[in-house]
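Visitor: Task: produce atomic coordinates for the following.
(one chain, ligands or ions: 1)
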Amino acid sequence: MTGTIDLLPSQMRLYNKICETFFAICKLYGYEEVATPILEDIRVFDRNLGLETDVVSKEMFFLEKKQDETLVLRPENTAGVMRLCQEGGLFQKLPQRLAYYGPMFRYERPQKGRYRQFHQFGVECIGVASYMADVENIQMAVHFMQEIGLAELTELEIHTLGSESERDAYKQALHDYLLPYKNELSENSVRRFDKNILRVLDSKNVHDQKILETAPVMRNFLQMESAKYFDNILESLENFGISYTVNPFLVRGLDYYNQTVFEIKTPALGAQSAVLGGGRYDGLAQQFGEKTPTPSIGWAAGMERLFLLAQEHQTLSVPPRKNIVIIAMTEAFDQEAQKYASLLRKEGIACLTVHEGTLRKRMKIASRLEAKYTIIFAPKEMENKTAILRDMMRSEERILPLADLIITVKKHYDT
Ligand code: AMP
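Guide: Residues are numbered from 1 along each chain as shown. The predicted model follows:
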């Protein structure tokens, strides 16, 4: 199906390695995993993400309409996590550091790195107002990139959207600046001009970009408090040796962001340059019934884009499978082979038996199974209660008494 991908076993191993790395990082930073359903009521998203955002206005997958209930496949999960916090009473136990992983759905025009079903890793730090939460959250994102070998291939971009009133003043100034150029703007930007003017800044159109070169910038609309907040973050990033670029055109696709926004981008994936995006969303909890503002910050990373990069650039090594393969040369030894396979599995050692074909063919299968050792039950050796143990890496063979088989494999399995 367009916009979806299959994963073969070898790809799945790399994929799982990225997952494991993510959760190892979460553990280091004290983030606990939560899970929300893929199906949500549309009300979790529509107003909260912004009615005029692309995600809500044209990319949502609708499932069922029953009187006043409309179900959708979740397009993102920050709003879902807010719902979880509210229904699960977590807003009463702040701060919370939560992480999730799972499929998201957006009706997009598929291309490399852009799918209709994709997966996001996400983290949300809920209930911390200090700029240190921003710094730590970004540090965690960069750490994740480092651990999956993508630090060299990616760059951090950061910007601030200020407070709501500062942003409103900026939007007005941007509107006044762009109005005389409205006829020249691309069709997409004209639509955004009318509905969600900050998104014009994100235009990929060269002529739009030229016009934007001399547009007012958000920085000049920040009051002292917001400016200091942003500067503190930048200074801390420098202190932690995290390099960044301030991108005044960085606007995120969803409306709930305020103050800090950031993205991790790569030039290595063509048009789909963002691998991770996040920011502050101090007002979102109130949309879910919280009485007071609940300062929060988080990010989400796209698994498929990370996977494509890690696969193409071989940035992450996946350990070999280390199976033990038992070959029973005649049917008479089949039971024996199964017995030894069971004994090895009881010791926590992965073991498979191969029953058909010539020895050559079976050895080929053993190689494909990434066997560390192959055990061959051959007639002559079996008569003497022995078996052949072949070290597949070293291409060495020795004959062992059956009684020593398990203990020998166990002894050398992890070496
Ligand atoms: P967003 O929720 O739009 O900020 O996206 C966060 C991250 O999810 C992006 O940086 C991408 O890595 C990933 N992502 C978003 N949309 C898609 C998509 N349609 N296909 C694959 N990955 C996506």
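
Visitor: which neighbours does the worst-scoring helix or strand of the chain on mean pLDDT have in its sheet, and in what orientation?
Guide: Lowest mean confidence among the helices and strands of the chain (mean pLDDT, DSSP states H and E): strand 61-66, at a mean of 80. For strand 61-66, the paired strands and their directions (DSSP bridges) are strand 69-73 (antiparallel).

Visitor: Just say helix, strand or coil for Leu400.
Guide: Per DSSP: H, G, I helix; E, B strand; the rest coil, the secondary structure class of Leu400 is strand.

Visitor: Give me the mean pLDDT for stretch 311-322.
Guide: Mean pLDDT, stretch 311-322: 92.

Visitor: Likewise for stretch 230-239?
Guide: For stretch 230-239, the mean pLDDT works out to 98.

Visitor: Mind listing what's buried along it?
Guide: Buried residues in stretch 230-239, counted by 16 or more other C-beta atoms under 10 Å: Phe230, Ile233, Leu234, Ser236, Leu237. Placement of C-beta: from N, CA and C, glycine included.

Visitor: Grab the nearest non-local neighbour of the first one.
Guide: Counting by C-beta to C-beta, 6 or more residues apart in numbering, Thr160 is the residue found nearest to Phe230 once chain neighbours are left out, at 4.3 Å.

Visitor: Kindly report the same for the last one.
Guide: Excluding the flanking residues, the one nearest Leu237 by C-beta to C-beta, 6+ apart is Tyr244, at 5.5 Å.

Visitor: That neighbour contacts His159, correct?
Guide: No. In this structure Tyr244 lies outside contact range of His159 using C-beta atoms under 8 Å: 9.9 Å.

Visitor: which residues do those two both contact?
Guide: In terms of C-beta atoms under 8 Å, 6 or more residues apart in numbering, Tyr244 and His159 are both contacted by the residues Phe262.

Visitor: So those two - more neighbours on which side?
Guide: His159 (25 against 18; other C-beta atoms under 10 Å).

Visitor: list the helices and strands the helix or strand hosting that one packs on?
Guide: Using DSSP states H and E, His159 sits in strand 155-160. Helices and strands touching strand 155-160, by 3 or more C-beta pairs under 8 Å, 6 or more residues apart in numbering; DSSP states H and E, are helix 131-147, helix 224-239, strand 245-246, strand 258-265.

Visitor: run the last query once more with 6 Å
Guide: If you count contacts as 3 or more C-beta pairs under 6 Å, 6 or more residues apart in numbering; DSSP states H and E, strand 155-160 packs onto strand 258-265.

Visitor: Please enumerate the helices of the stretch 201-350 of the chain.
Guide: 206-212, 224-239, 284-287, 303-312, 334-346 (DSSP state H, counting those that start in this stretch).

Visitor: looking at the ones you listed, which is closest to the ligand?
Guide: Among the helices of the stretch 201-350 of the chain, the nearest to the ligand by C-beta to the nearest ligand atom is helix 303-312 (4.4 Å).

Visitor: residue in the protein nearest to the ligand?
Guide: Gly302 (2.3 Å).

Visitor: about what we covered before: wait, what's in contact with the residue nearest to Phe230?
Guide: Phe230, Gln259, Thr260 (C-beta atoms under 6 Å, 6 or more residues apart in numbering).

Visitor: again, 8 Å this time
Guide: Contacts here follow C-beta under 8 Å, 6+ apart; on that basis Thr160 touches Met218, Arg219, Leu222, Ser226, Tyr229, Phe230, Gln259, Thr260, Val261.

Visitor: what do you get for Val123?
Guide: Cys26, Tyr29, Tyr31, Arg97, Leu98, Ala99, Asn137, Met140, Gly298, Trp299.

Visitor: From the rest of the structure, what touches the helix or strand containing Asp194?
Guide: Assigned by DSSP H and E, Asp194 falls within helix 187-195. Contact with helix 187-195 is made by Glu52, His175, Leu178, Lys182, Leu185, Arg199, Val200, Ser203, Asn205, Asp208, as judged by C-beta under 8 Å, 6+ apart.

Visitor: Count the residues that sit near Gly289.
Guide: Neighbours of Gly289 (other C-beta under 10 Å): 11.

Visitor: bridging residues for the closest residue to Ala271 other than its chain neighbours?
Guide: Closest residue to Ala271 apart from its sequence neighbours, by C-beta to C-beta, 6+ apart: Gln111 at 6.8 Å. As for beta bridges, Gln111 partners with Arg114 under DSSP bridges.

Visitor: Ranking by neighbours, what's the top pick from the contacts of helix 187-195?
Guide: Using other C-beta under 10 Å as the neighbour criterion, Val200 leads the contacts of helix 187-195 with 26 neighbours.

Visitor: quick one: contacts for that residue?
Guide: Leu174, Leu178, Leu185, Ser189, Arg192, Phe193, Asp208, Leu212.

Visitor: if you set the cut-off to 6 Å instead, what comes out?
Guide: Contacts of Val200 (C-beta under 6 Å, 6+ apart): Ser189, Arg192, Phe193.

Visitor: Please spell out the PyMOL selection for the buried subset of those residues.
Guide: To isolate the buried members of the contacts of Val200 in PyMOL, using 16+ other C-beta under 10 Å:
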select buried, resi 189+192+193
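
Visitor: of all the contacts of Val200, which comes closest to Gly270?
Guide: Looking at the contacts of Val200 and their distance to Gly270, the nearest is Ser189, at 21.7 Å (C-beta to C-beta).

Visitor: who touches stretch 21-28?
Guide: Here stretch 21-28 makes contact (C-beta under 6 Å, 6+ apart) with Ala99, Phe121, His143, Phe144, Glu147, Ile148.

Visitor: Including neighbour count, pLDDT and distance to Asp255, could those residues go into CSV?
Guide: Listed next are the contacts of stretch 21-28 as CSV, based on neighbours: other C-beta atoms under 10 Å; pLDDT from 0 to 100; distance: C-beta to C-beta, whole Å:
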residue, neighbour count, pLDDT, distance to Asp255
Ala99, 22, 98, 23
Phe121, 25, 98, 22
His143, 16, 98, 28
Phe144, 26, 98, 26
Glu147, 17, 98, 32
Ile148, 21, 98, 30
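
Visitor: Much appreciated, bye for now.
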